[in-house]
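Asks: Return atomic coordinates for the entry below.
(one chain, ligands or ions: 2)
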Amino acid sequence: VAALLLAISGYRPEPWAGALSILRGACDVRVWPDAGDPADIRYALAWKPPHGLLAGFPKLEAIFSLGAGVDALMRDPTLPAVPVVRYVDPDLTGRMREYVALHVLAHHRRMLDYAAQQHSRLWRELPQPAAREVRVGVMGLGVLGQDACVALAMLGFQVAGWSRTPKKVAGVACFAGAEQLAPFLARTDILVCLLPLTPETEGILNMRLFRLLARDGALPAPVVINAGRGGLQNEADILAALKGGVIGAASLDVFAEEPLPDTSPLWGHPRVILTPHNAAWSSPEACARAVVRQIKAHQNGAPLAHVVDRSLSY
Ligand code: NAP
Ligand code: GLV
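Replies: Ligands and ions are numbered 1, 2, ... in the order given. Below is the predicted model of the structure:
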């Protein structure tokens, strides 16, 4: 019998196994650690599986990632040489659109300042530019970055995006490659990071980059929003940049170590909005539907969609 192995860490498997019941007929569902005969396993739906686990299934044909980001899978040196498929679905994209719009607007409308004023019962209007006077820059023009750009442009912001290879997105100024990073940053008041974590992008959100952000914006200081991965950011540099006024505020959904340790000064920082890596949660139902679509297409001989380029790690 062909089977799919559900191998997820950090989530209760029950809702996932329940959602995957729509696979019945196409293949069995096994919940790790009860894989049964390893030779039955043709597919895996995985999130941070222990290194080496997936190498134990000789007939594995594809690995589906429970999330859009595959950095944890890519770090497994024994990962079998089968297609790794990212989770891409309008449900996830819509959730990230909500997060990005919420946080860009929160900083644009100076909600941290108003929260502090409310705490002091202070009735005072702060200078408020219109969205059309504020420049947002989105790092990553993939599925999530492009969608976020379009939503931000609809809100009226001046939007630019930065990617590895050149892109064209209507209404968005597109920059690409290392040589266009500085001009992209020089026109950015609110920076949104939706990059994947790869050997190329690790630690990219650092003091050197923060210093390249626009200093002539309509807001009091540049803002950094990271919903990509914690490994993209240097947390000591974020704290130093906040202290030195290099940036004025940050929204962070992801951290180098998750859960964020109790001792991190980010927890209590008055200029940081912190969320527990849930900018875009993977819904078991939506993810299971996407996996089932792909497995059925694969079994009919169609190519898998959203396959990771192993040479690029994303
Ligand atoms: P994607 O479609 O693969 O897009 C990745 C984008 O990053 C592409 O535009 C790519 O450039 C660009 N990029 C990659 N390496 C680069 C480099 N070295 N320099 C410049 N640009 C580079 O990915 P996605 O679906 O949009 O997801 C992006 C990331 O969001 C995921 O990898 C994950 O880490 C994160 N995420 C987080 C959450 C959360 O809840 N916090 C939820 C979902 C996803 P090209 O277009 O030239 O290839
Ligand atoms: C979540 O972090 C994802 O990669 O989808």
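
Asks: can you give me the strands in this structure?
Replies: 3-8, 28-31, 41-47, 62-65, 84-85, 135-139, 158-163, 173-176, 190-193, 223-226, 249-252, 272-274 (DSSP state E).

Asks: For the residue nearest the centre of the chain, list the residues it contacts.
Replies: Centroid-nearest residue in the chain, with Cα atoms, centre = their mean: G228, separated by 3.4 Å. For G228, the contacting residues are G69, M139, G140, C193, L194, L195, P196, L197, T201, V254, by Cβ atoms under 8 Å, 6 or more residues apart in numbering. The C-beta positions use only the backbone N, C-alpha and C, and glycine is treated the same way.

Asks: For the fifth one, which non-adjacent residue is spatially closest?
Replies: Distance criterion Cβ to Cβ, 6 or more residues apart in numbering; nearest residue to L194, sequence neighbours excluded, is G140 at 3.9 Å.

Asks: Who are the contact partners of that neighbour?
Replies: G161, W162, S163, C193, L194, L195, P196, G228.

Asks: same question, L232
Replies: L232 sits in contact with C193, L195, L197, T201, E202, G203, I204, L205, N226, V254, where contact means Cβ under 8 Å, 6+ apart.

Asks: try 7 Å
Replies: C193, L195, L197, T201, E202, I204, L205, N226 (Cβ atoms under 7 Å, 6 or more residues apart in numbering).

Asks: what's the distance between the residue nearest to the second one when sequence neighbours are not counted and H277?
Replies: Spatial nearest neighbour of L195, chain neighbours left out: G140 (4.2 Å); criterion: Cβ to Cβ, 6+ apart. As judged by Cβ to Cβ, to the nearest Å, G140 and H277 stand 17 Å apart.

Asks: Same question for G156.
Replies: 29 Å.

Asks: Output the set of residues of the stretch 1-150 of the chain in proximity to ligand 1.
Replies: Within the stretch 1-150 of the chain, the positions near ligand 1 by Cβ under 6 Å from any ligand atom are G67, A68, G69, M96, G140, L141, G142, V143, L144, G145.

Asks: thinking in terms of the whole chain, how far from its middle is stretch 227-242?
Replies: Taking Cα atoms, centre = their mean, to the nearest Å, one finds stretch 227-242 lying 14 Å from the centre of the chain it belongs to.

Asks: sorry, that was for stretch 46-58
Replies: On Cα atoms, centre = their mean, the centre of stretch 46-58 falls 22 Å from the chain's centre.

Asks: can you check stretch 264-278 too?
Replies: That offset, for stretch 264-278, works out to 17 Å (Cα atoms, centre = their mean).

Asks: unless I'm mixing things up, V307 is touching P83, no?
Replies: Yes: contact criterion Cβ atoms under 7 Å: V307 and P83 qualify, at 4.6 Å.

Asks: Would you mind telling me which of these two has the busier surroundings?
Replies: P83 (17 against 14; other Cβ atoms under 10 Å).

Asks: residue contacts, that one?
Replies: Per Cβ under 7 Å, 6+ apart, neighbours of P83: A62, L304, V307.

Asks: The chain: helices as residue ranges?
Replies: All helices of the chain, identified by DSSP state H, fall at 13-19, 71-74, 90-108, 111-119, 143-154, 181-186, 207-210, 235-243, 284-299.

Asks: Give me the residues contacting the third one.
Replies: With contacts defined as Cβ under 7 Å, 6+ apart, helix 90-108 is touched by 68, 131, 134, 136, 143-144, 147-148, 151-152, 155, 190, 192, 223, 225, 227, 249, 251, 253, 273, 279-283, 286.

Asks: Also the fifth one?
Replies: If you take Cβ under 7 Å, 6+ apart as the criterion, helix 143-154 is touched by 68, 88, 93, 96-97, 100-101, 104, 136, 138, 159, 161, 169, 171-172, 192, 194.

Asks: List only buried entries from those residues.
Replies: With burial judged by 16 or more other Cβ atoms under 10 Å, the buried subset of the contacts of helix 143-154 is 68, 88, 93, 96-97, 100-101, 104, 136, 138, 159, 161, 169, 172, 192, 194.

Asks: picking up where we left off before, closest to ligand 2 among the contacts of G228?
Replies: If you rank the contacts of G228 by distance to ligand 2 using Cβ to the nearest ligand atom, G69 comes first, at 3.2 Å.

Asks: Could I get the pLDDT score of the closest one?
Replies: On pLDDT, G69 comes in at 98.

Asks: Restricting to the contacts of L232, which residues neighbour ligand 1?
Replies: L195, L197, T201.
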